[in-house]
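Student: Need coordinates for the following:
(chains A and B, ligands or ions: 2)
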Number of protein chains: 2
Amino acid sequence: MQSFTRVLPPVRRVAVAGGTHGNEMSGVCLARHWLGSGRAELQRPHIEVEPFLANTRAVERCVRYIDADLNRMFTDKNLRQPKTENLLYEVWRAQQINETYGPIGSESAYDMLLDMHNTTSNMGISLVLTSSSDHLSLHMAQFLQRKLHPIPCNAVLVEHPTLAYFHLRQVAKHALSIEIGPQPQGVARADITEHMRRSIAYCLDFMHKFNSGMELPASKLDVHRIDGYIDYPRDSEGHITAIIHPAFQVFAL
Amino acid sequence: MQSFTRVLPPVRRVAVAGGTHGNEMSGVCLARHWLGSGRAELQRPHIEVEPFLANTRAVERCVRYIDADLNRMFTDKNLRQPKTENLLYEVWRAQQINETYGPIGSESAYDMLLDMHNTTSNMGISLVLTSSSDHLSLHMAQFLQRKLHPIPCNAVLVEHPTLAYFHLRQVAKHALSIEIGPQPQGVARADITEHMRRSIAYCLDFMHKFNSGMELPASKLDVHRIDGYIDYPRDSEGHITAIIHPAFQVFAL
Ligand SMILES: [Zn+2]
Ligand SMILES: [Zn+2]
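Tutor: Numbers count the residues shown, from 1 in each chain, chains lettered A, B, ... in the order given. Ligands and ions are numbered 1, 2, ... in the order given. Prediction:
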């Protein structure tokens, strides 16, 4: 009986976003590199790979965003707003990205979107997944964990059943955000950026293997979910009164 | 013969500035701590020590400055500008600071100004001196080097014979800027901030010892001077095309 086997179509078009947050430099530097002399690095047989800078104006100014966080702008409402002059810059950019690599939920959308992020936190590599039913991305995350071992590489599942079309990565049919830290804002660390470069290369290798007939047997993947937020201790004026202990700040990749 | 011996008056009033650049968090956190519950840390017999936040508005917004770099605003011309509404924020703040802890070059100026800075560069501790004839500060730098050993602690002499009254630290009769890195902008690292705290404590210890009659025998101090600036390699659009090698990025304090 084959009822538990699913056949997924091959991956033909992949978009790789850097600068969704304009001051996260690993993705910015790599997207620029791939848009220029480094293009050949992304080549895999029978896959069209398109690197791009997502929040281009924020990248120019080396800030997270101009008017609003681009990575929260992919709502139905925003994507349908008329293109008037007082549209927020990021809403306008979300519409452009949706038109180029989507539209969301359509047959013509790209097969895969890889979105590159950094964090200042000492988190190592986080693989951020949007849907527990995106089996292709779940298997790709597992493949990455195996390839990157022993580097800490946790899967994080950010599933909003009622808040669909929120993140940039949801424009395509399948998606994975890769977030690596610690890296200061506006700074490119060679080690962190090299880990991002390897991670993207493994993703493309995975898609090529998948297209070539590699089977993905049923398996388990440990995922982290957001359970709540814990703020720093603060004084009566709201200023942070604690510092992360040095033992937790050592860079461990 | 005593002609090479100078007698300097004791140090009675010391100002300790944090947040001259509003996103350099070691100084911001320490100044807040000392202005609040940590005040006793700065006490030394017969010395009045005043911590303060220099660029208060930039500190609130966690940016380097609002209109212009405060640490370049202490020119004669700026300090004499009439207080009109369209005065740059930092010129206005420079005038306030000069009135409170100066005026520059006057008998009523504070005896010592310690100015706390961070850098994102992996420089360790830099002791920035303004004048090769400020013997008290030169001896204090040497005392710090001895106390902080084996932590790298270089003296940097930024002497502008024609560009006096430029930096905040020049408001007082004697001055030392302490710059510690690497620390990201807007982030307080516990280890870096602890080094700043120790450095300021040693400065105050030195002034107390000096007031108590400690002699400062003639000696030598190696200083670094700015010889020129070397930019990163850039592409035709001006984007940086190189990353600091990981071997130079390891945090060594
Ligand atoms: Zn991000
Ligand atoms: Zn500074």
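
Student: Report the contact partners of the residue in the stretch 151-253 of chain A that ligand 1 sits nearest to.
Tutor: Nearest to ligand 1, among the residues of the stretch 151-253 of chain A, is residue A:179, at 6.5 Å (C-beta to the ion). Placement of C-beta: from N, CA and C, glycine included. Counting by C-beta atoms under 8 Å, 6 or more residues apart in numbering or on different chains, residue A:179 makes contact with A:117-119, A:123, A:125-126, A:128.

Student: restrict those residues to those near ligand 2?
Tutor: Among the contacts of residue A:179, no residue is within reach of ligand 2 (C-beta under 5 Å from the ion).

Student: quick one: the helices in the stretch 101-250 of chain A?
Tutor: A:135-148, A:190-211, A:246-249 (DSSP state H, counting those that start in this stretch).

Student: Is ligand 1 within reach of the second one?
Tutor: No - residues of helix A:190-211 contacting ligand 1 under C-beta under 5 Å from the ion: none, with a closest distance of 11.9 Å.

Student: Which of the contacts of residue A:179 has the largest number of neighbours?
Tutor: Neighbours here mean other C-beta atoms under 10 Å in any protein chain shown. Within the contacts of residue A:179, the largest count is held by residue A:118, at 27 neighbours.

Student: I'd guessed residue A:119 sits against residue A:184; true?
Tutor: No - look at residue A:119 against residue A:184 with C-beta atoms under 8 Å: they stay out of range, at 10.3 Å.

Student: count of neighbours near residue A:131?
Tutor: With other C-beta under 10 Å as criterion, residue A:131 counts 17.

Student: quick one, what contacts it?
Tutor: A:137, A:159.

Student: now swap in residue A:18 and tell me
Tutor: A:26-32, A:51-54, A:116.

Student: try 10 Å
Tutor: A:24-35, A:51-55, A:59, A:114-117, A:196, A:200 (C-beta atoms under 10 Å, 6 or more residues apart in numbering or on different chains).

Student: ditto for residue A:23
Tutor: Contacts of residue A:23 by C-beta under 10 Å, 6+ apart are A:55, A:58-59, A:61-65, A:118, A:184-187.

Student: Now rank these by neighbours and give me the top one.
Tutor: Neighbour max across the contacts of residue A:23 (other C-beta under 10 Å) = residue A:55, 31 neighbours.

Student: Leaving out the residues flanking it, which one is nearest to the residue of the stretch 151-253 of chain A closest to ligand 1?
Tutor: Distance criterion C-beta to C-beta, 6 or more residues apart in numbering or on different chains; nearest residue to residue A:179, sequence neighbours excluded, is residue A:117 at 4.0 Å.

Student: Show me the shaky parts of chain A.
Tutor: Applying pLDDT under 70 to chain A flags the ranges A:1-4, A:160-165, A:250-253.

Student: rerun at 80
Tutor: Filtered on pLDDT under 80, chain A yields the residue ranges A:1-6, A:160-166, A:248-253.

Student: what are the bridge partners for the spatially most central residue of it, then?
Tutor: The centroid of chain A falls nearest to residue A:177 when counting by C-alpha atoms, centre = their mean (2.0 Å). Beta-bridge partners of residue A:177, counted by DSSP bridges, are residue A:115, residue A:128.

Student: Skip the chain neighbours and tell me the closest residue to residue A:140.
Tutor: residue A:206 is the one closest to residue A:140 (C-beta to C-beta, 6+ apart), at 4.9 Å.

Student: The helix or strand harbouring residue A:50 versus helix A:190-211: what angle between them?
Tutor: Counting by DSSP states H and E, the element that carries residue A:50 is strand A:48-53. When axes from the mean of the first three to the mean of the last three C-alpha atoms, to 10 degrees is applied, the directions of strand A:48-53 and helix A:190-211 differ by 150 degrees.

Student: Just give the number of residues close to residue A:112.
Tutor: With other C-beta under 10 Å as criterion, residue A:112 counts 28.

Student: which residues does it contact?
Tutor: If you count contacts by C-beta under 10 Å, 6+ apart, then residue A:112 has A:11-16, A:47, A:49, A:101, A:134, A:136-137, A:140, A:169, A:172-176, A:203-204, A:206-207 around it.

Student: Apply 6 Å and report the result again.
Tutor: A:11, A:14, A:172, A:174 (C-beta atoms under 6 Å, 6 or more residues apart in numbering or on different chains).

Student: my guess is the first one meets residue A:207, correct?
Tutor: Yes - proximity of residue A:11 to residue A:207 meets the contact threshold set by C-beta atoms under 6 Å, at 4.3 Å.

Student: which residue ranges form the strands in chain A?
Tutor: A:13-18, A:48-53, A:112-118, A:124-129, A:153-157, A:174-181, A:223-224 (DSSP state E).

Student: okay, the angle between the second one and strand A:13-18?
Tutor: Looking back up the chat, that one is strand A:48-53. Strand A:48-53 runs at 20 degrees relative to strand A:13-18, counting by the same axes, to 10 degrees.

Student: related to what we said a few turns ago, winner for burial among the strands of chain A?
Tutor: Among those, the stretch with the highest mean neighbour count (mean count of other C-beta atoms under 10 Å in any protein chain shown) is strand A:112-118, at a mean of 26.

Student: what's the spacing between that one and its chain's center?
Tutor: Relative to the mean C-alpha coordinate of its chain, strand A:112-118 is positioned 3 Å out (C-alpha atoms, centre = their mean, to the nearest Å).

Student: circling back to that earlier point, contacts for the strand holding residue A:50 next, please.
Tutor: With contacts defined as C-beta under 6 Å, 6+ apart, strand A:48-53 is touched by A:13-19, A:31, A:34-35, A:42, A:59.

Student: Next one: the closest residue to chain B within the stretch 101-250 of chain A from ligand 2, what distance?
Tutor: Closest contact between the stretch 101-250 of chain A and chain B, by C-beta to the nearest C-beta, is at residue A:184 (3.2 Å). Going from residue A:184 to ligand 2 by C-beta to the ion, to the nearest Å gives 15 Å.

Student: Give me the phi and psi for that residue.
Tutor: The phi/psi pair for residue A:184 (degrees, to the nearest 10) reads phi -60, psi 150.

Student: quick one: it and residue B:186 touch, right?
Tutor: No - checked against C-beta under 6 Å, the pair residue A:184 and residue B:186 is beyond contact range at 8.5 Å.

Student: Show me which residues of the stretch 51-200 of chain A are close to chain B?
Tutor: A:184, A:188, A:190-191 (C-beta under 6 Å from any C-beta of the partner chain).

Student: Filter those residues down to the buried ones.
Tutor: Those of those that meet the buried threshold are A:184, A:188, A:190, by 16 or more other C-beta atoms under 10 Å in any protein chain shown.

Student: how about the nearest residue to residue A:33, chain neighbours excluded?
Tutor: The nearest residue in space to residue A:33 (C-beta to C-beta, 6+ apart) is residue A:41, at 7.9 Å.

Student: The one you found - how many residues pack around it?
Tutor: Neighbours of residue A:41 using other C-beta under 10 Å come to 15.

Student: do the same with residue A:220
Tutor: Neighbourhood size, residue A:220 [other C-beta under 10 Å]: 6.

Student: for the one 5 residues further on, same thing?
Tutor: A count of nearby residues for residue A:225, using other C-beta under 10 Å, gives 9.

Student: wait, what's in contact with it?
Tutor: residue A:157.

Student: one step back: so what strands line up beside the strand holding residue A:50?
Tutor: strand A:13-18 (parallel).

Student: How far off centre is the partner strand?
Tutor: The answer for strand A:13-18 is 9 Å, by C-alpha atoms, centre = their mean.

Student: Could you see whether ligand 1 lies near it?
Tutor: No - if you take C-beta under 5 Å from the ion as the test, strand A:13-18 misses ligand 1, and the best it gets is 10.2 Å.
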